[in-house]
Structures are given as structure tokens and as C-alpha cells.
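> everything below, folded, please.
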Amino acid sequence: MSTSTLDPYRPGESLLHRLDARVKVGLAFGLILALALTPPGAWPVLLLLGAVVAVAVILGELRAGFVLARSAVALPFVVAALPLLFTVAGTTLFALPWGWTATREGLARLVSVVFKAWLSVLTALTLTATTPFNAILATLRGWGVPSLLVSIVALTWRYLFVLVAEGQRLMRARAARSGRAEGAHGGSLAWRAHVTGGMAGSLLLRGMDRADRIYGAMVARGYDGEPRLLGRPPLTAGGRALLASGLAALALLALLGLLFWG
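Model (predicted):
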């Protein structure tokens, strides 16, 4: 994996790119919270929230392939939520030979959980693909999120690229030292596992050494744990109106779901 593919941000001039980061972060958090509060089986509400996410992707002018590939991280939720099909009581759909019974209500709960997880991932993906990471950090700090938490998020994200670069150096070094005769297929599985384990250990040691040197350089330059972020002008009246109306609409949808399907 290269550092260019690791970064989700995609520069552009779309309407969503030009929107103030504070509005985007607020609406994204509101949308994810509305999805979490919407009861399973509230399909009209879930479809409306899905339409909101689809509109955001279109306004961000994001490629369908990019969105679908990145949102595939929601697939493990299918496996995690699969027991719901057999543990929720209700109308029987089918029964397995070893005594497991799938129910209609369990299927609705399973599909709802997976759909909500996928929409939440799409929301976060759209936000990070259209908003620079520094702008997201500045928004969080401006909302009073503790500086320690913001620093942890910032350092974890930024030095993830450093770790990837160290791993790439190890891979290049292995390739340069691993001559192979034509038609050969490498060593045994045990040998490959041994080499992989050695590379993982080397990566850990090199990462720790790099972290010590980076931290020493930061302290020497006056780092005190407080993230240094550039100030921004106050949010415009239009931005405040859009944020307030969007959050109100999301709250209304979540309330409708709780009232009629909760």
C-alpha cells in the first residue's frame, strides 16, 4: 500500500469541497448519530438517510469505484451481525439441521445493522475525502475536544504514513536480497512465515526508534502537547443556518423512527 492510496482526501472544486469544514463535520456527526438512533426495520427513515448520503457523495463528485472500494471495510459487520438472524425471536423463515432457526425479524435486524454500518462508513468516507485532515482537527479543537485527544488523533494519522514508508523500505530490501531462479516458487510456508515474522519484528523496532527520534525533534522545537492550528474566521450566517437546519432535519428523522418503529 502506498501513502498516496492511504490518504482518503481527494482534492477538488466540488460544492462539498468548498463547504466550510465545520458545517461538514457537524452534519456528518449528526447523520451518524441519527443512523445509530434509528431502530432496526425503520426502512422509510433508513432510505431517506441513505438518500442524504447518496446526495453528499454526488455533491462531492466522488468516483463510484473509489467510494465502493473504500466502503468495503463495512463488510466485516455482516459476519459480526450474522447471529442476529438466528437469535431474534419471530416468524420462522428456515431451520438448519443442527437446531438453528432463522426468523423474519432476525433478518430485518441483520439487514438494518449492516445497512446502517455501511451508511456510517460512507458518511465518514465522504467527509474525509472532501475535507483536509487539518481542517477536521481544527474543527474538533474549536468545539472544545480535549487537546490531548486531538493530538493523539493527529499523531496517529500522520505517523501511520511513516510506518507505511518504513514497511516499504523493508519490502524493497527483501526484494533486493531475494534472488530467485527462473521457475522457482520461493521457500516453504514455514520459511515464509519465519521471514515475515522477522520483518514484522524489524518494523516494530525501527518504528520505535523512529518515534523516539521524531519526539525528540518535536520537543527540541517547542512541542508542548497543544496542537498548533491556524485560526479561521467565524462561521458565516449561511453556514450556521445550513448546519442548524440540517441537524434539525436529521433529528426529526431519528425522532420519527423512534416514534413509529421504536
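
> quick one, domains of this structure?
3-131+233-261, 147-178+188-220 (automatic domain parsing).

> for the shortest one, measure first residue to last.
It refers to domain 147-178+188-220. Criterion Cα to Cα, to the nearest Å; first-to-last residue distance in domain 147-178+188-220 is 20 Å.

> sorry, back to before: highest mean neighbour count out of the domains of the chain?
Compared across the domains of the chain, domain 3-131+233-261 shows the largest average neighbour count, a mean of 16 (mean count of other Cβ atoms under 10 Å). (C-beta placed from N, C-alpha, C; glycine too.)

> tell me the helix or strand right after the helix or strand where Phe77 lies.
Element membership for Phe77, per DSSP states H and E: helix 76-81. Toward the C-terminal end, the helix or strand that comes next after helix 76-81 (DSSP H and E) is helix 84-87.

> residues in contact with that next one?
Residues from elsewhere that reach helix 84-87 (Cβ atoms under 8 Å, 6 or more residues apart in numbering): 96, 100-103, 106-107, 109-110, 113.

> can you list the residues you listed in a markdown table and add secondary structure, distance to Arg240 and pLDDT?
Compiled in a markdown table, the contacts of helix 84-87 are given as follows (DSSP: H, G, I helix; E, B strand; the rest coil; distance: Cβ to Cβ, whole Å; pLDDT from 0 to 100):
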| residue | secondary structure | distance to Arg240 | pLDDT |
| --- | --- | --- | --- |
| Leu96 | coil | 55 | 83 |
| Trp100 | coil | 52 | 86 |
| Thr101 | strand | 52 | 88 |
| Ala102 | strand | 48 | 89 |
| Thr103 | strand | 47 | 89 |
| Gly106 | helix | 43 | 89 |
| Leu107 | helix | 42 | 90 |
| Arg109 | helix | 38 | 90 |
| Leu110 | helix | 40 | 90 |
| Val113 | helix | 34 | 91 |
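
> tabulate these (JSON lines), appending distance to Ala64.
Below are the contacts of helix 84-87 laid out as JSON lines (distance: Cβ to Cβ, whole Å):
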{"residue": "Leu96", "distance to Ala64": "37"}
{"residue": "Trp100", "distance to Ala64": "37"}
{"residue": "Thr101", "distance to Ala64": "38"}
{"residue": "Ala102", "distance to Ala64": "32"}
{"residue": "Thr103", "distance to Ala64": "34"}
{"residue": "Gly106", "distance to Ala64": "31"}
{"residue": "Leu107", "distance to Ala64": "28"}
{"residue": "Arg109", "distance to Ala64": "29"}
{"residue": "Leu110", "distance to Ala64": "25"}
{"residue": "Val113", "distance to Ala64": "24"}
